[in-house]
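In: Let's see this in three dimensions:
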Amino acid sequence: MREEEDALFAEWRKRHQRFCPDGALDENRYLKSHPKIVFVLKETNDWAKDLRRTLLEIDRKPTWDVVGRWALDLHEDTRPVKWEALANMSAETKRSALAKTVVMNLKKSPGAGSTDEQKFRQVVRADADLILRQYRLYKPCLVVCCGKLTADCFREDVVKYKGAPDFAANAIAYWWLDGALVIESQHPKARERHRDLHFWVIDAVREVWGTQSAESAVSCDAVQLTPEPGRSRSAPAPGSTAPAGSAVRAWHPLDLVLEEYAKVRQPEFAAHGENRAWRQIHPPRWSEELHYEFWQVRGKNELEIALHNERPVKSAVSAKMLEFEGRPLPGTNWHLKWDPEFSWGRSLYIRCPLATDPGEMARAMVALIQLTHREIDGAL
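Out: I've put the predicted structure just below:
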């Protein structure tokens, strides 16, 4: 495998002045691992070294802390792992977990701290033939695409997948490629709690593969979805979309709520972000920490519609928010709840079952804004 990688990279180098090799960190350990995991990432940040050696010799953070935890908790011989152990994972444990995986960047030339999406996609499209040839060297049964841009480029520009992703109960997208389960995760450096980043991926994999209990072994030899009575348990055929009814989706993806919200919102209250689990609304004059938010609650079939005051920006704002506790949300059957111990500050919110009509959830956000915006704005 290493010889095949190096031969491919020799061809690839002719297209780029600076080139960053990657791939199987330890070929023998990867081939013996179960499940075989490929992590697909975007690019390195302004350094051109062989990632296969670098990750085994240098303790790189923070991206690789997150990826290392995923690898440790997904491999059959090291899982399950309690969060306390994952959070305090040693550099040696991380290197050992990563050594059993493949890590491949779509763009092999170094990048910068921020990415020009248009230029990035141009490079990926130009190199798509070589990226696909590299991917096919590994024959994985689990692929984790790290970040929305990475996932979109891999799906649309590299493998040219014709179907639409399905969604796990926690809003993580997934699809099938030549028998492998492809998970579209958040970027490892996303502004999320590390515990949430970790379990969004782990929970989605266990759900789709039908391994709900911690004692169940992840298996890629007979990938199966948890079915409803009378539905097929078999995975989709290689390269195909999931058959109708193969995954239960008794809820509306956040994208559907956002589509409805775009029809009824005022122009200054657009929803922003790329995270598959949340979108934020930043009214004019408000700091980034103070915002409205749609949030698909991890581990629960609920969508939270909230006003968040993170870290908190001003005590007068929190006091004003508290005045709304228990008040009915106009035009709905919900009453506002107050959370003084929200992870990053204070929160005024309602939670809707995910089976709720997307238009109803969109209108609930409009009602929350109309009810609170003027008074909160006056408290700034």
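In: In this protein, where is pLDDT below threshold?
Out: Residues of the chain meeting the criterion pLDDT under 70: 46, 77-80, 111-115, 191-192, 210-253, 274-276, 297-301, 311-314, 341-345.
In: Go through the longest helix anywhere in it and flag the buried ones.
Out: Ranked by number of residues, the top helix in the chain under DSSP state H is helix 358-379. Neighbour counts using 16 or more other C-beta atoms under 10 Å place 358-359, 361-369, 371-373, 376 of helix 358-379 among the buried residues. C-beta here means a position set from N, CA and C on the backbone, and glycine is covered the same way.
In: what separates that helix from the chain centre, distance-wise?
Out: 27 Å (C-alpha atoms, centre = their mean, to the nearest Å).
In: before we move on, what about stretch 27-39?
Out: On C-alpha atoms, centre = their mean, the centre of stretch 27-39 falls 22 Å from that of its chain.
In: now swap in stretch 260-271 and tell me
Out: 24 Å.
In: what's the answer for stretch 65-83, then?
Out: Using C-alpha atoms, centre = their mean, the offset of stretch 65-83 from its chain centre is 16 Å.
In: just stretch 303-316 next, same as before
Out: Here stretch 303-316 shows a centroid-to-chain-centroid distance of 23 Å under the convention C-alpha atoms, centre = their mean.
In: For that stretch, list every residue counted as buried.
Out: Burial within stretch 303-316, assessed by neighbour count using 16+ other C-beta under 10 Å, is assigned to 303, 304, 305, 306, 307, 308, 309, 310, 312, 313.
In: and if you look at stretch 116-125?
Out: 120, 121, 123, 124.
In: From residue 159, how far out is the last one?
Out: Same thing as residue 124. The gap separating residue 124 from residue 159 is 12 Å, by C-beta to C-beta, to the nearest Å.
In: And for the second one?
Out: For residue 121, the distance to residue 159 (C-beta to C-beta) stands at 15 Å.
In: Just give the number of residues close to residue 202.
Out: 22 (other C-beta atoms under 10 Å).
In: Is it part of a helix or strand, or is it coil?
Out: Of the three states, residue 202 takes helix under DSSP: H, G, I helix; E, B strand; the rest coil.
In: how near is it to residue 208?
Out: 11 Å.
In: now do residue 40
Out: 17 Å.
In: give me every residue that touches residue 329.
Out: By C-beta atoms under 8 Å, 6 or more residues apart in numbering, the residues touching residue 329 are 335, 336, 350, 364, 367, 368, 371.
In: What are the boundaries of the helices in the stretch 251-380 of the chain?
Out: For the stretch 251-380 of the chain, applying DSSP state H, counting those that start in this stretch gives helices covering 254-264, 315-322, 358-379.
In: Same question for the stretch 51-200 of the chain.
Out: Under DSSP H, counting those that start in this stretch, the stretch 51-200 of the chain gives helices at 51-57, 63-74, 83-87, 91-99, 117-126, 128-138, 148-153, 194-208.
In: which residue sits closest to residue 317, ignoring its sequence neighbours?
Out: Nearest residue to residue 317, sequence neighbours excluded (C-beta to C-beta, 6 or more residues apart in numbering): residue 379, at 5.0 Å.
In: ok, the one you found touching residue 320?
Out: Yes - using C-beta atoms under 8 Å, residue 379 is in contact with residue 320, at 4.2 Å.
In: Not counting sequence-adjacent ones, nearest residue to residue 51?
Out: Per C-beta to C-beta, 6+ apart, closest to residue 51 is residue 22, 4.0 Å.
In: distance of residue 146 from residue 25?
Out: 16 Å.
In: er, residue 281 I mean
Out: Distance from residue 281 to residue 25, by C-beta to C-beta: 42 Å.
In: Please apply the same query to residue 12.
Out: Applying C-beta to C-beta, the value for residue 12 to residue 25 is 18 Å.
In: cool, residue 321 as well?
Out: 48 Å.
In: who's more crowded, these two?
Out: Shown here are residue 321 and residue 25; by other C-beta under 10 Å, residue 321 has more neighbours (25 against 21).
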